[in-house]
Every structure is written in C-alpha cells, then in structure tokens.
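# got a predicted model here, sequence first, then my questions.
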Amino acid sequence: MLFYIATFDSPFIVPVAAFAMVLGIIIAAQVAEYNKRRLQSEERLAAIAKGIPLPPEQLVEPMSNEAAQRRRARGLRTAAIVLISVSLGTALFAFLLVWILQENDILSLAALSVVPLAIGIGLFVDYRLQTRELEQLSADSSSLTPTPPRS
C-alpha cells in the first residue's frame with residue numbers, strides 16, 4: 001500500500017475530542033468577552049477625548065471593599081451548593097446503578113463523588129468564615145461612627 005491513511009482506533013478519541021471542544025468553547029467565550037470590554041473601553045476613551053459626556057449606563061461605579069467581599073462570599077456559597085449537589089447527585093446515580101445492575105464495581109463512582117463533596121464543604125466553610133468576618137467588620141464600623149446627641 002503506497003499511502004496509509006491513519007485511522008483513530010483509540011478508545012480515548014471521543015473523550016479527548018469532547019474535552020477539546022469544551023475547552024475551545026470556553027476559550028472562545030473568554031476571547032469574545034475580552035474583545036467586548038476592549039471595544040467598550042476604546043469607545044469611552046474616544047468619547048472622553050472628544051469631550052462628549054458619557055451616558056449614565058456607561059459610567060461604572062467603583063465597588064466598595066465590603067461590597068466586593070459580599071459578592072465574593074455569595075460566589076463561594078453558590079459554588080459550594082453546586083459542588084455539593086453534583087456530588088450527591090453522582091453518588092445517588094451510582095447507588096441506583098448498583099441497585100439496578102447488581103454490579104458492585106460501579107461503587108467506585110460513588111467514591112469519586114467524595115471529591116466535589118469535600119471541595120463544596122470547604123467552600124461553604126470559607127463562606128461562613130467570610131460572612132462572620134463581614135458581620136464583625138460592619139459591627140465594628142457601626143460602633144465607631146459617632147451617634148448624634150439626643151435632645
């Protein structure tokens with residue numbers, strides 16, 4: 001045979017292709033978001049250079065440190081809930097498969113679900129610690145502000 005056409009006989013080609021596709025979609029979305037922000041920034045700078053007032057929807061209010069911390073804490077809580085739910089769903093799926101198929105080798109999937117469960121619990125603990133610190137900071141700052149004298 002003069003020309004050999006290589007075929008993909010590997011059982012890993014489909015998972016690798018699926019992973020590459022998801023990674024490609026994520027990268028494309030990040031590049032699109034970057035280009036959108038860059039274009040918005042260039043438009044704002046051009047408007048400022050020409051002396052054109054910016055519309056109110058384009059003005060970005062700087063976020064306070066406390067607001068940024070609260071936003072991060074909400075993100076941690078959301079991630080923790082998602083990871084714990086994925087873990088419980090995966091474990092339930094594995095136990096149902098064991099029950100239906102009577103195949104105990106599938107229990108390794110339930111053992112694997114411990115990883116997102118542990119990460120989710122860790123994120124939830126971090127969320128609770130951050131909210132406790134924020135409550136202490138807001139209580140301290142409210143006690144430092146002088147109250148007007150009562151008449």
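Looks like it arrived, so ask away.
# next one: the residue nearest to the spatial centre of the chain, what pLDDT does it get?
The centroid of the chain falls nearest to residue 79 when counting by C-alpha atoms, centre = their mean (6.2 Å). pLDDT, residue 79: 92.
# contacting residues for it?
Residue 79 makes contact with 120, 123, according to C-beta atoms under 8 Å, 6 or more residues apart in numbering. Just so you know, the C-beta spots here come from the backbone N, C-alpha and C atoms, and that holds for glycine as well.
# next, the buried residues of the helix or strand where it lies.
Assigned by DSSP states H and E, residue 79 belongs to helix 65-101. In terms of neighbour count (16 or more other C-beta atoms under 10 Å), helix 65-101 has its buried residues at 69-70, 73, 76-77, 79-80, 83-84, 87, 90-91, 94, 98.
# taking these, tell me the two that lie furthest apart.
Using C-beta to C-beta, the pair of the buried residues of helix 65-101 lying farthest apart is 69 and 98, separated by 43.4 Å.
# what helices or strands is the helix or strand containing residue 119 leaning on?
When elements are assigned from DSSP H and E, residue 119 belongs to helix 114-144. Secondary-structure packing of helix 114-144 (3 or more C-beta pairs under 8 Å, 6 or more residues apart in numbering; DSSP states H and E): helix 65-101.
# distance from the helix it packs on to the middle of the chain?
11 Å (C-alpha atoms, centre = their mean, to the nearest Å).
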